[in-house]
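Colleague: please find the sequence and the predicted model below.
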There are 2 protein chains.
Amino acid sequence: MNFIELAQKRYSVRNFSDKPVEKEKILRCIEAARLSPSACNSQPWHFVVVDEINLKDRIAKETVMSLSGMNKFTLDAPVIVVIVIEKKSISSTIGSFLKGKDFSLIDIGIAAEHFCLQAAEERLGTCMLGWFDEKAVKKLLSIPDSRHIGLLISLGYPANGEVRAKNRKSIEEMSSFNSYKKEK
Amino acid sequence: MNFIELAQKRYSVRNFSDKPVEKEKILRCIEAARLSPSACNSQPWHFVVVDEINLKDRIAKETVMSLSGMNKFTLDAPVIVVIVIEKKSISSTIGSFLKGKDFSLIDIGIAAEHFCLQAAEERLGTCMLGWFDEKAVKKLLSIPDSRHIGLLISLGYPANGEVRAKNRKSIEEMSSFNSYKKEK
């Protein structure tokens, strides 16, 4: 499978089977994330894999939006991965400050996507979650106050095997050559 | 090549040959980026590919840190890609605000890495750049004041074919199961 095929295959799975996920597959996803690039090679991440089912259920509940029921599907996912933002290197901290941009968010996105792409190669499904009660999740996992959580990823086998068609802007809409939004 | 092999193969190239990059290869890198996931499917990015050599040289100069000479290698790269941060969807904007996290930086990181992974598959080299004079680059490419630039990527054939060994934290250092930094 070439990379574009893999990128096509990865989609946000919101319908999980209860089949448990093999630990060696989880570890290969972590290994893919470990190889990610980051600003000044800071590697500002720590991945907490939650696969104890009671603990996983308690974390899943902290992702569900009570009004709309959004993220309810996480209750069925056998695994949730919590990505903690670790301290940047000094050079990345200075660069982030001078350039007014938190490079560690860029880094966290890259590492999370490496995890999800490896999961897709393993025929596992993932969905990144930006909506969760950070304080509650930190308490459940003994994450210190000084740390923030970047993202959560739900992980498991998709309940059905279909790959959803992607809804994306066209190449012409999202790119141009030698000037902003000029015709190619 | 499986995904972990591809992730191993991608490294930050800082030594480019002057061989020009085929347009169809650039377009496949853009296609890989286009397929990236984003918060609420916002797709908050526009890729400007700069391959006109005079314009590229002027942009490269805006990435070089005058004191240290950092990023001087961009002068030899035949292509620089400028990733502009576009407006988020309303739901992603509300989520970013409520959760105190700019989801578009996470999204930009993912899309930039898709570009770089496809480039690695094409045997091209890339280096993401967070250090550049944003105001000057915006002017050179007619990017409106209302937009910010997320990252630049230098692109070209590596001058030498070697894949550098990666210096990364171990799996044990950067991950744990069911608790923050507890033994597995």
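Modeller: Looks like it arrived, so ask away.
Colleague: which of the helices or strands spans the residue nearest to residue A:118 when sequence neighbours are not counted?
Modeller: Once flanking residues are discounted, residue A:118 sits nearest to residue A:32: 3.6 Å by Cβ to Cβ, 6 or more residues apart in numbering or on different chains. Glycine gets a C-beta too; all of them are placed from N, C-alpha and C. Assessed by DSSP states H and E, residue A:32 sits inside helix A:23-34.
Colleague: which neighbouring elements make contact with that helix?
Modeller: strand A:45-50, helix A:103-121, helix B:3-9, helix B:171-174 (3 or more Cβ pairs under 8 Å, 6 or more residues apart in numbering or on different chains; DSSP states H and E).
Colleague: just list whatever residues bridge to residue A:153.
Modeller: Note on residue A:153: beta-bridge partners by DSSP bridges are residue A:81, residue A:128.
Colleague: mean pLDDT and mean neighbour count added to the helices and strands packed on helix A:23-34, as a markdown table?
Modeller: What follows is the helices and strands packed on helix A:23-34, written out as a markdown table (pLDDT from 0 to 100; neighbours: other Cβ atoms under 10 Å in any protein chain shown):
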| stretch | mean pLDDT | mean neighbour count |
| --- | --- | --- |
| strand A:45-50 | 98 | 24 |
| helix A:103-121 | 97 | 26 |
| helix B:3-9 | 96 | 18 |
| helix B:171-174 | 96 | 14 |
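Colleague: with distance to residue B:80 as extra columns, can I get those in TSV?
Modeller: Formatted as TSV, the helices and strands packed on helix A:23-34 follow (distance: least, Cβ to Cβ, whole Å):
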stretch	distance to residue B:80
strand A:45-50	27
helix A:103-121	18
helix B:3-9	22
helix B:171-174	31
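Colleague: so which of those comes closest to residue B:165?
Modeller: Closest approach to residue B:165 among those is made by helix B:3-9 (9.5 Å; Cβ to Cβ).
Colleague: run the contact check for the closest one versus chain A.
Modeller: Yes: against chain A, helix B:3-9 shows contacts by Cβ under 8 Å from any Cβ of the partner chain at B:3-4, B:6-8.
Colleague: now do that helix: distance to the chain's middle.
Modeller: The chain centre lies 17 Å from the centre of helix B:3-9; the measure is Cα atoms, centre = their mean, to the nearest Å.
Colleague: repeat for stretch A:57-73
Modeller: 17 Å.
Colleague: quick one: end-to-end distance for that stretch.
Modeller: Its start and end residues considered, stretch A:57-73 measures 11 Å (Cα to Cα, to the nearest Å).
Colleague: what residues does it touch?
Modeller: Identification of contacts with stretch A:57-73 by Cβ atoms under 8 Å, 6 or more residues apart in numbering or on different chains yields A:14-16, A:50, A:74-75, A:77, A:80, A:82, A:127, A:129, A:131-133, A:136-137, A:140-141, A:152, A:154.
Colleague: please check these and keep the buried ones.
Modeller: Buried residues within the contacts of stretch A:57-73, counting neighbours by 16 or more other Cβ atoms under 10 Å in any protein chain shown: A:14, A:16, A:50, A:74, A:77, A:80, A:82, A:127, A:129, A:131-133, A:137, A:140-141, A:152, A:154.
Colleague: which ones among the residues you listed also lie next to chain B?
Modeller: Contacts with chain B within the buried ones among the contacts of stretch A:57-73, counted by Cβ under 8 Å from any Cβ: A:50, A:131, A:141.
Colleague: in three-state terms, how would the second one be classified?
Modeller: For residue A:131, the secondary structure call by DSSP: H, G, I helix; E, B strand; the rest coil comes out as coil.
Colleague: might one say that it is in contact with residue B:103?
Modeller: No: using Cβ atoms under 8 Å as the test, residue A:131 is too far from residue B:103 to be in contact (10.1 Å).
Colleague: what residues are shared contacts of the two?
Modeller: Common contact partners of residue A:131 and residue B:103 (Cβ under 8 Å, 6+ apart): residue B:95.
Colleague: list the contacts of residue A:121.
Modeller: Contact analysis of residue A:121 by Cβ under 8 Å, 6+ apart lists A:1, A:6, B:2-3.
Colleague: distance to residue A:171 added to the residues you listed, as a markdown table?
Modeller: Converted to a markdown table, the contacts of residue A:121 look like this (distance: Cβ to Cβ, whole Å):
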| residue | distance to residue A:171 |
| --- | --- |
| A:1 | 22 |
| A:6 | 19 |
| B:2 | 27 |
| B:3 | 23 |
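Colleague: fine, thanks again, bye for now.
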